[in-house]
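Participant: 3D model of this:
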Amino acid sequence: MPAPIALALVLFLQGQPAAEAAAPPPAEAAAPPADAATPPEDRLPAGAPRDDYQFVGWCYGLLRGYLDLHDRVMPEVTRIESTYRPPDRKLSDDLKVYADMQKEGQAQLKLFRAALTAAEKASLKPINTVGAAAVSKGADVWNVTPDVTPARLAQEWMSWALPARCETVAKSLKANATLMGGAFKVNDEPAAPPPAAEAAPAPDAPAADTPKDPVSVLLAPPAAPAPPSPN
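Facilitator: A predicted model of the protein is given here:
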C-alpha cells in the first residue's frame, strides 16, 4: 500500500543526521601591492612627472645633480670606503666603481638629451620651458639642507641608483617623437578653472568707486574751485 510506504520513508528520513552546512568559500588571497606587481622599469618614482617628455627631463636633472656631486662627496666616500674594508677586495677596485658610474652617467645623459631634443623638434608648439622646469625639479632632489652632514650625504650618494624607468621611457620617447613627427604632443597640466564671477552689489548698496591708476590721478587737471556761497 502506498500510504505505509510513504510513512516509512518519512520516518527513515527523520532518523538521518542533518546535512552539514556548506562550508563558506575560501577567502580570496589578498592582491599583491601595486608596486610589487609592477616591473622596476615601469614604476613611477615618487614626485616624478607622469608625462614622458617631462619625466625624461626630470631624470636628466636627477642624474645631472648626482654627477655634479662627485667632487664634493668623494673625499668622504674615500674615507668611508677606507674605514670599512671587506677583507677580499682592494680599495682601488671599489673606488673605480664610482669612476665607472660617472662614465655610464654621462652616456645616459646623452640618451636623455637626444630624447628631449627629438620631442622638442617634433612638437608643433614650444615645450622647452616645460622641459626646463622638469629638469630643475629633478635636480632639486639633491638640494640638501645645512643640517645634513658630509657623511650622510656621501652615504646617500653611494647607495643611489638611477630609476630603471628613466632609460626605458627615454628610448620610447625618442622613438615615438621621431615616428609621430608633428602629431607628437606633450601632456600639459590641466588648465586652472576660470575665476568665479563676482557677486553683484545689492540694489540699495552704493556702487564702490572704481580705483584709479595712480599716474592718471597725478596727471588729471585740478578740480574747479567751488563758487563762493552767497552772504
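Participant: low-confidence ranges in the protein?
Facilitator: 1-41, 181-231 (pLDDT under 70).
Participant: for it, what spans make up the helices?
Facilitator: Remark: helices assigned in the chain by DSSP state H are 2-14, 34-37, 52-68, 70-83, 91-122, 128-139, 150-159, 164-180, 214-219.
Participant: Next, format the ones you listed as TSV and append distance to residue 44 and mean neighbour count.
Facilitator: For every residue, glycine as well, the C-beta is placed using N, CA and C. Formatted as TSV, those follow (distance: least, C-beta to C-beta, whole Å; neighbours: other C-beta atoms under 10 Å):
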stretch	distance to residue 44	mean neighbour count
helix 2-14	64	9
helix 34-37	10	8
helix 52-68	8	23
helix 70-83	27	14
helix 91-122	17	15
helix 128-139	13	18
helix 150-159	21	15
helix 164-180	7	18
helix 214-219	50	8
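Participant: Save the ones you listed as JSON lines, and put in distance to residue 45 too.
Facilitator: Formatted as JSON lines, these follow (distance: least, C-beta to C-beta, whole Å):
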{"stretch": "helix 2-14", "distance to residue 45": "68"}
{"stretch": "helix 34-37", "distance to residue 45": "11"}
{"stretch": "helix 52-68", "distance to residue 45": "8"}
{"stretch": "helix 70-83", "distance to residue 45": "21"}
{"stretch": "helix 91-122", "distance to residue 45": "15"}
{"stretch": "helix 128-139", "distance to residue 45": "10"}
{"stretch": "helix 150-159", "distance to residue 45": "15"}
{"stretch": "helix 164-180", "distance to residue 45": "7"}
{"stretch": "helix 214-219", "distance to residue 45": "50"}
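Participant: Compare those helices and give me the one nearest residue 46.
Facilitator: Nearest to residue 46, of all the helices of the chain, is helix 34-37, at 10.5 Å by C-beta to C-beta.
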